[in-house]
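**Student:** would you be able to build a 3D model of this:
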Amino acid sequence: MFGRKERKTYVDDTWISELNQPQAALTNDGTGWASFGWNFDSDAKGVGGVKVGPRTMLKVSAVKQAVMMISGDIATSPLELHACYVDKGEETIQRSHPSHKIACYSWSRYVPANLGWERLVTHAMVWSDGYAYLEKDNRGRVMAMHNLPPGTCHPHRVEVSGGRYTYGYMIQLDEESPSFFVEQGDIFHLRGGLPVEIMESEPNVDLMRDMLSVSLAAQKYKGSFFANGAQSGGIITVPPGVPTEARERMESQIQKKSQADNWFRTMVLRDGAQWHQTTVDAKSNEMIAIEEQITRDVARAFNIPGFKLNLSDSVSYNSSELGQRAYLTGCLNHWLTKIQGEARVKLLPARHQTSGEFKFLHNTEKLLEPDSETRNSILAIQRQNMIITANEWRTALGMPASEDPEADTLLNPNVKVNEVGSKEEEPEVEPEVIEESPAPEQPEEQEEELQTQEPQQRRRALSSEHASILSDAVAQAAKRVCTPLGNRSKSISKFSSWIESEDTVARAIFSEELEPICQQLELSADASDIAADGLFNNLLDRVCVFMEPHYREEDLRENVAAASHLFKTEAFALTLNLLGLNNE
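**Tutor:** Numbers count the residues shown, from 1 in each chain. A predicted model of the protein is given here:
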């Protein structure tokens, strides 16, 4: 670990070095296996009468599904190191940084990062604390990470001098090996239970033992029920005077009846014997209801939405993307935040921690990846707003880059080149048109009419009275649309629901407010609808960006309010452009 290396011990598919009597190292005196805070595989009985421990709790199918789901999804989201301040055009991900390579690609030579994180989260969920040893070089830089099996590490406090204490961890790889004390910076500690102690969590199995005991008792009951041919137990009473041989023969027949070969054979009670049932069948015992309730309790314990554990009447969502987003924000973000915080203080050098130059973030794009149609719609909006290039679009779809030079430029494909080109290209066409115009051959009145008609075709002049009416209509429509949008921005789920459910309503509000002024101006019949679509799409482009993972949910309402205010300010000018009007 640190100090002089003496010998190596094979742990968790990886060779890690043990330390040899460093400063503050302890021996086995009072710190051995038996003195650990709790036996990591200890079983205790719950109210169901069945012993439950960290390993036996995985026999509950809902618990196993929850553990595999959360640990697997976190392993799917790579932990990336980002630079907080970069120059324009540079990527924020620091791929060449040693900490990024360990956290994102491989913990060690033979352990990929996704496997290491999956093990660590599994240990944290089942054993309430997951530990990984940080192998460092002589300069204190992290060179590799190694999973520590559950029970081989636990927090420990050491008295330094004068009543002062230092906190660290005690490591003991097995009962016969010596135990060693290491500092806090040498262990990556992921807490999965309630953090009631300074460095240790309350074991999840203790908090869930009674509930899991009932589940395991129900499984045991079903096993006994079917192991006995799905027959209920009971008592047979024999009237007085029955010979001993007859009674013993009846007992022997009953015992044979419980064997698997005789389950479906008929047994006749003779000599006045009577059957008295003492147990209930599975249907009368409501086994299905018990299993359903236990699954709900497991979902609450791990903070997982019910639909992820296949509960029949769980909350439904309008789309799979919204359901997955609720699972990410309500469950996974708690784990991701713990990992990011621990990685910042354990994997980065001290100078980078204080400067705030770097930060760890999980890439959750795979968890929120929509269907192909929705994904292309999002990419099309980004392309139209000149956020991505054509080649970046192709790369996102897994296609090779195009050789077209314009594929690497930020252009709106719906706009003509002469409208977005450089200013030097525009005057080249206008002089040619002026020179070729047959001005001398036209009468003076007709010449004036042609000169005034051409700008009117491009953009129609708007009187001050009509401009005031249009401005009021746009302001009223923007207020009616942005007010409920701001009220729904308290949470991601409500915000997403508004965007999907209020699409038609919001467009209708814009069209309703703009239709009277469009009729007064004698515009086309669909002018108000065209302007309504353009205004609502512009508003969506401004606010949908705050649903990206790198934006914090607690800042959603403030960000939406700022974007809505800016939209209200620019809505009138945008409407003039959409309707082909000029207010000059």
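
**Student:** for the rest of this, base every contact and every neighbour count on C-alpha atoms.
**Tutor:** OK.

**Student:** which parts of the stretch 101-250 of the chain are helices?
**Tutor:** Counting by DSSP state H, counting those that start in this stretch, the stretch 101-250 of the chain has helices at residues 113-126, 204-227, 244-257.

**Student:** and the residue lying closest to Leu115 once chain neighbours are set aside, what does it touch?
**Tutor:** Ranked by C-alpha to C-alpha, 6 or more residues apart in numbering and with sequence neighbours excluded, the top spatial neighbour of Leu115 is Ala75, at 6.8 Å. Ala75 makes contacts with Ala113, Asn114, Leu115, Trp117, Glu118, as judged by C-alpha atoms under 8 Å, 6 or more residues apart in numbering.

**Student:** quick one: low-confidence parts of the stretch 151-300 of the chain?
**Tutor:** 198, 200, 219-234, 254-272, 275-288 (pLDDT under 70).

**Student:** which residues in it form strands?
**Tutor:** Remark: strands assigned in the stretch 151-300 of the chain by DSSP state E, counting those that start in this stretch are 153-161, 164-171, 180-183, 187-191, 234-237, 274-277.

**Student:** list the buried residues of the first one.
**Tutor:** Buried positions in strand 153-161, judged by neighbour count with 16 or more other C-alpha atoms under 10 Å: Cys153, His154, Pro155, His156, Val158.

**Student:** can you show me the CA trace of that strand as PDB?
**Tutor:** As requested, the backbone C-alpha atoms of strand 153-161 are provided in PDB (Å, rounded to 0.1, in the frame of the first residue of the first chain):
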ATOM      1  CA  CYS A 153     -12.000  -3.200   5.800                       C
ATOM      2  CA  HIS A 154     -13.700  -1.000   8.400                       C
ATOM      3  CA  PRO A 155     -13.300   2.600   9.700                       C
ATOM      4  CA  HIS A 156     -11.000   2.900  12.700                       C
ATOM      5  CA  ARG A 157      -9.900   5.800  15.000                       C
ATOM      6  CA  VAL A 158      -6.400   6.000  16.400                       C
ATOM      7  CA  GLU A 159      -5.300   8.200  19.300                       C
ATOM      8  CA  VAL A 160      -2.300  10.200  18.200                       C
ATOM      9  CA  SER A 161      -1.300  12.200  21.400                       C
END
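
**Student:** what angle separates it from strand 164-171?
**Tutor:** Using axes from the mean of the first three to the mean of the last three C-alpha atoms, to 10 degrees, the direction of strand 153-161 lies 150 degrees away from that of strand 164-171.

**Student:** partners of strand 153-161 in the sheet?
**Tutor:** strand 164-171 (antiparallel) (DSSP bridges).

**Student:** mind listing what's buried in the strand it pairs with?
**Tutor:** For strand 164-171, by 16+ other C-alpha under 10 Å, it's Tyr167, Gly168, Tyr169, Met170, Ile171.

**Student:** just the strands in the stretch 401-550 of the chain please.
**Tutor:** Counting by DSSP E, counting those that start in this stretch, the stretch 401-550 of the chain has strands at residues 460-461.

**Student:** where does it have low pLDDT?
**Tutor:** 414-460, 549.

**Student:** try it again with 80
**Tutor:** Within the stretch 401-550 of the chain, the segments meeting pLDDT under 80 span 411-462, 493, 496-503, 545-550.

**Student:** so what are the domain limits for the protein?
**Tutor:** Following automatic domain parsing, the chain resolves into domains at 372-420, 460-582.

**Student:** just to revisit the earlier point, most surrounded residue in the contacts of Ala75?
**Tutor:** Using other C-alpha atoms under 10 Å as the neighbour test, those are led by Trp117, with 26 neighbours.

**Student:** could I get the contacting residues of it?
**Tutor:** If you count contacts by C-alpha under 8 Å, 6+ apart, Trp117 has them with Ser71, Ile74, Ala75.

**Student:** how about stretch 380-396: buried residues?
**Tutor:** For stretch 380-396, the neighbour count (16+ other C-alpha under 10 Å) marks Ala380, Ile381, Gln382, Arg383, Gln384, Ile388, Thr389, Ala390, Asn391, Glu392, Trp393 as buried.

**Student:** end to end on it, go ahead and measure it.
**Tutor:** The straight-line separation of the ends of stretch 380-396 (C-alpha to C-alpha, to the nearest Å) is 12 Å.

**Student:** next one: Glu406 from Gly398, what distance?
**Tutor:** Applying C-alpha to C-alpha to Glu406 and Gly398 gives a distance of 19 Å.

**Student:** of those two, who's got more company?
**Tutor:** More neighbours surround Glu406 than the other of Glu406 and Gly398, with 12 against 9 (other C-alpha under 10 Å).

**Student:** which residues does stretch 526-536 contact?
**Tutor:** 506-512, 514-515, 518, 571, 574-575, 578-579.

**Student:** show the buried residues in these.
**Tutor:** Counted by 16+ other C-alpha under 10 Å, those give 506-511, 514-515, 518, 571, 574-575, 578-579 as buried.

**Student:** ok, the residues you listed vs Leu368, which is closest?
**Tutor:** Comparing the buried ones among the contacts of stretch 526-536 against Leu368 with C-alpha to C-alpha picks out Ala506 as the nearest, at 25.9 Å.

**Student:** hmm, back to that, farthest pair within the buried residues of strand 153-161?
**Tutor:** Going by C-alpha to C-alpha, the pair spanning those furthest: Cys153 and Val158, at 15.1 Å.

**Student:** rewinding a little: any idea which of the helices of the stretch 101-250 of the chain is most buried?
**Tutor:** Burial of the helices of the stretch 101-250 of the chain is given as mean neighbour count (mean count of other C-alpha atoms under 10 Å); helix 113-126 ranks first at a mean of 23.

**Student:** which residue sits farthest out from the middle of this protein?
**Tutor:** Here the chain reaches farthest from its C-alpha mean at Gly241, the gap being 73.6 Å by C-alpha atoms, centre = their mean.

**Student:** follow-up on the earlier one: of the helices of the stretch 101-250 of the chain, which is nearest Leu539?
**Tutor:** Closest among the helices of the stretch 101-250 of the chain, using C-alpha to C-alpha: helix 113-126, at 38.6 Å.

**Student:** quick one, that closest one and strand 187-191 angle?
**Tutor:** On the basis of the same axes, to 10 degrees, helix 113-126 is oriented at 50 degrees to strand 187-191.

**Student:** all helices of the stretch 251-400 of the chain, in order?
**Tutor:** 287-301, 320-327, 333-347, 350-355, 372-384, 390-396.

**Student:** now those in TSV, with distance to Gly130?
**Tutor:** Converted to TSV, the helices of the stretch 251-400 of the chain look like this (distance: least, C-alpha to C-alpha, whole Å):
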stretch	distance to Gly130
helix 287-301	18
helix 320-327	22
helix 333-347	11
helix 350-355	23
helix 372-384	36
helix 390-396	35
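
**Student:** can you say which of those is nearest to Cys104?
**Tutor:** Between Cys104 and these, the shortest separation by C-alpha to C-alpha is 11.5 Å, and it involves helix 333-347.

**Student:** what packs against the closest one?
**Tutor:** strand 187-191, strand 358-362 (3 or more C-alpha pairs under 8 Å, 6 or more residues apart in numbering; DSSP states H and E).

**Student:** who are the contact partners of Glu342?
**Tutor:** For Glu342, counting by C-alpha under 8 Å, 6+ apart, the contacting residues are Phe188, His189, Leu190.

**Student:** any idea how far it lies from Phe567?
**Tutor:** 40 Å.

**Student:** before we move on, what about Arg55?
**Tutor:** Arg55 is 56 Å from Phe567, by C-alpha to C-alpha.
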